[in-house]
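Visitor: the sequence isn't on hand, but the structure is:
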């Protein structure tokens, strides 16, 4: 037997699983968590408290484009990876609940 919450989740996931699997949507929904990683890195770098990093940033060999590219890659990777991981968890829960429902239906018929 499934609870009302589990039945509601099955119905919700059946209707929304394809929409949430799209990579662009996962990227957009994952941006806030990715920014939780990138903003402290940027603050740490630009605050100047670490003197050696500050000295390297002031040299002519420092390319700010590389730093921005690295921060952008971190955002993209974390945003997509975190949402794909969450989608996989939801999908696993959905499959388990369907199996539980099928098991419950077969035992009730006996």
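Guide: All right, it came through fine. Fair warning: this is a prediction, and the values are worked out from it, not measured in the lab.

Visitor: from here on, contacts and neighbour counts on C-alpha atoms
Guide: Will do.

Visitor: distance between the strand or helix carrying residue 43 and the chain's centre?
Guide: Following DSSP states H and E, one finds residue 43 within helix 23-47. Taking the mean of its C-alpha atoms, helix 23-47 sits 11 Å from the chain's own mean (C-alpha atoms, centre = their mean, to the nearest Å).

Visitor: give the next helix or strand downstream of that helix.
Guide: helix 51-57.

Visitor: contacts for that following helix, please.
Guide: 45, 46, 48, 62 (C-alpha atoms under 8 Å, 6 or more residues apart in numbering).

Visitor: any idea how far residue 69 lies from residue 36?
Guide: Taking C-alpha to C-alpha, to the nearest Å as the measure, residue 69 falls 17 Å from residue 36.

Visitor: show me what counts as buried in the worst-scoring helix or strand of the chain on mean pLDDT.
Guide: Within the chain, no helix or strand scores below helix 51-57, which has a mean of 83 by mean pLDDT, DSSP states H and E. By neighbour count with 16 or more other C-alpha atoms under 10 Å, helix 51-57 contains the buried residues residue 57.

Visitor: tell me how far the helix or strand containing residue 95 is from the chain's mean position?
Guide: In this assignment (DSSP H and E), residue 95 forms part of helix 64-109. Relative to its parent chain, helix 64-109 has a centroid offset of 8 Å by C-alpha atoms, centre = their mean.

Visitor: residue ranges with poor pLDDT in this structure?
Guide: Per-residue confidence for the chain (pLDDT under 70) gives these ranges: 108-110.

Visitor: okay, which residue is most central for it?
Guide: By C-alpha atoms, centre = their mean, the chain has its centre lying nearest to residue 82, at 2.1 Å.

Visitor: could you measure it against residue 92, distance?
Guide: Taken as C-alpha to C-alpha, the span from residue 82 to residue 92 is 15 Å.

Visitor: do residue 75 as well
Guide: In terms of C-alpha to C-alpha, residue 75 sits 26 Å off from residue 92.

Visitor: residue 58 too?
Guide: For residue 58 relative to residue 92 (C-alpha to C-alpha), the value is 50 Å.

Visitor: please consider this matter closed, and thank you.
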